[in-house]
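In: quick one: sequence plus predicted model below, questions after.
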Amino acid sequence: MSISSPFQLLLGLLAIVGVAAITLAFMLAWPVRPPPTLASIHEGAMRIDAAGAPDLSRYQARDGTWLAYRLYPAANGARDRIAILAHGSSASSEEMHAVAMALPAAGITAVAVDFRGHGASGTRGDVAYLGQLDDDLADLIAELRKASPGARFSLVGHSAGGGFALRVAGESLGEAFDRFVLLSPYLGYSAPTNRPARGPGFWASPDLPRIIATILLGRVGIDWPQSLPAIAFANAPEAKMFATSQYSFRLLQNYTAPSDWRGAFERSKGRIAVIAGADDELMNAEACRSELPPLGAPVTIIPGVDHIGIVYRPEAIKAIVGALGELGS
């Protein structure tokens, strides 16, 4: 062997590392591109009447950050039932106002949350670490228990918030809840319950090069790219003041369903109900009907209701109140 061979091998390895580093750098630099405005989502959001929404309340999370929620006390003064409401991607607590308004008459206190990274909670579009939303939710439960120590908790989630609620249901934190109601839940990019991400179903545009590079770097302990924007939503320009138009990688990974979403359903059998609109442009209601009941989750389909309509249409609200009354009874 030539004496130069080890040096040639080293140079070759350095060249490979250099090419890989340059490739990853280009992938990280790939810009997040927002999709065109999805009119049905924007128009649906504009139909949500938030008049009479209570002022924001605050609780302090374990990292010292003050996070926001809206409290709708039970009309009869009861404190034994509390429903925490999780909004969809890009939204805030106001999206869940119609649902929250209907629950107090049923003896249920509603708590509509601005989850960290949304609305008035934390840095818009980001969290500090994967799992921080779970910690925030645990801290909120502890705060609410101060006034209602014996309360039974439910978790109601819409779209991405429904996926997040499912992830909570499948983890140890899920033991704090006796029931879960998922409204047109987003179960992950490969779930059969999604409609094709094009045309009327094109709500989110992921930055795949950046996401792939972030995952690869995370495997070798480099986690700073997780703070970079990784997905953009099809909000109208005039909504950007109120909506969260982009998520960082770590918020995207945290506010969503678990990768083993089927297992989460099965582990929570008997505590989950799913409600979807027959005209949902993002989720396939019929696929929900065929895929989820075998996993232990009954599915109710509301005729004539689309993705946003599931959180404000009267027939949908009636079904949500009914599901909270039936589950776990």
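Out: Perfect, thanks for sending it.

In: C-alpha from now on. contacts and neighbour counts both.
Out: OK.

In: Val99 and Tyr312 touch, don't they?
Out: Yes. At 6.7 Å, Val99 and Tyr312 qualify as touching, with contact defined as CA atoms under 8 Å.

In: give me phi/psi at Leu71?
Out: When read as degrees, to the nearest 10, the backbone of Leu71 gives phi -110, psi 130.

In: number of nearby residues for the spatially closest residue to Ile212 that is not a sequence neighbour?
Out: Nearest in space to Ile212, with sequence neighbours left out and distances taken as CA to CA, 6 or more residues apart in numbering, is Met27 at 7.9 Å. Neighbour count of Met27, defined by other CA atoms under 10 Å: 18.

In: pretty sure Met27 sits against Ala213.
Out: Yes. Counting by CA under 8 Å, Met27 touches Ala213, with 6.1 Å between them.

In: mind listing the helices for the stretch 51-200 of the chain?
Out: Assigned by DSSP state H, counting those that start in this stretch, the stretch 51-200 of the chain shows helices spanning 97-102, 132-147, 160-169.

In: quick one: low-confidence ranges for the protein?
Out: 1-4, 7-19, 326-329 (pLDDT under 70).

In: mind doing that once more with 50?
Out: Across the chain, the ranges flagged by pLDDT under 50 are 1, 328-329.

In: what about Ala50, neighbour count?
Out: Ala50: 15 surrounding residues under other CA under 10 Å.

In: against Val321, how distant is it?
Out: 19 Å (CA to CA, to the nearest Å).

In: now swap in Ala74 and tell me
Out: From Ala74 across to Val321, the span is 13 Å (CA to CA).

In: circling back: turn the helices of the stretch 51-200 of the chain into JSON lines, columns for mean neighbour count and distance to Ala112.
Out: Shown next, in JSON lines, are the helices of the stretch 51-200 of the chain (neighbours: other CA atoms under 10 Å; distance: least, CA to CA, whole Å):
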{"stretch": "helix 97-102", "mean neighbour count": "22", "distance to Ala112": "7"}
{"stretch": "helix 132-147", "mean neighbour count": "16", "distance to Ala112": "11"}
{"stretch": "helix 160-169", "mean neighbour count": "28", "distance to Ala112": "12"}
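
In: tell me which of these sits nearest to Leu38.
Out: For Leu38, the closest of the helices of the stretch 51-200 of the chain is helix 160-169, at 16.5 Å, according to CA to CA.

In: now name the helix or strand holding Thr23.
Out: helix 5-29 (DSSP states H and E).

In: coming back round to it: any chance of the helices of the stretch 51-200 of the chain in TSV, plus distance to Pro34?
Out: Listed next are these as TSV, based on distance: least, CA to CA, whole Å:
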stretch	distance to Pro34
helix 97-102	27
helix 132-147	24
helix 160-169	18
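
In: just so I know, which of these lies nearest Gly221?
Out: Per CA to CA, nearest to Gly221 of the helices of the stretch 51-200 of the chain: helix 132-147, 18.6 Å.

In: Gly119 and Leu251: what is the separation?
Out: 14 Å.

In: just Pro149 next, same as before
Out: 31 Å.

In: also Gly77?
Out: 36 Å.

In: compare the two (neighbour count), which wins?
Out: Leu251 (27 against 11).

In: for the more buried one, grab phi and psi.
Out: The phi/psi pair for Leu251 (degrees, to the nearest 10) is phi -70, psi -40.

In: the helix or strand hosting Ala264 - contacts with which helices or strands?
Out: Assigned by DSSP H and E, Ala264 falls within helix 261-267. Judged by 3 or more CA pairs under 8 Å, 6 or more residues apart in numbering; DSSP states H and E, helix 261-267 is in contact with helix 160-169.

In: now the strands for the stretch 51-200 of the chain?
Out: For the stretch 51-200 of the chain, applying DSSP state E, counting those that start in this stretch gives strands covering 57-60, 66-72, 81-86, 109-113, 152-158, 177-183.

In: swap that for the stretch 201-329 of the chain, sorry
Out: Ranges of strands in the stretch 201-329 of the chain, per DSSP E, counting those that start in this stretch, are 204-206, 229-233, 246-248, 272-277, 299-302.

In: closest to Ile308 out of those strands?
Out: Going by CA to CA, the one of those nearest Ile308 is strand 272-277, 8.9 Å.

In: could you dump the closest one to PDB, C-alpha only?
Out: Extracted in PDB, the C-alpha atoms of strand 272-277 (Å, rounded to 0.1, in the frame of the first residue of the first chain):
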ATOM      1  CA  ILE A 272     -62.900   8.600  22.300                       C
ATOM      2  CA  ALA A 273     -65.700   9.800  19.900                       C
ATOM      3  CA  VAL A 274     -65.100  11.300  16.500                       C
ATOM      4  CA  ILE A 275     -67.400  13.900  14.800                       C
ATOM      5  CA  ALA A 276     -66.800  15.000  11.200                       C
ATOM      6  CA  GLY A 277     -68.700  16.900   8.500                       C
END
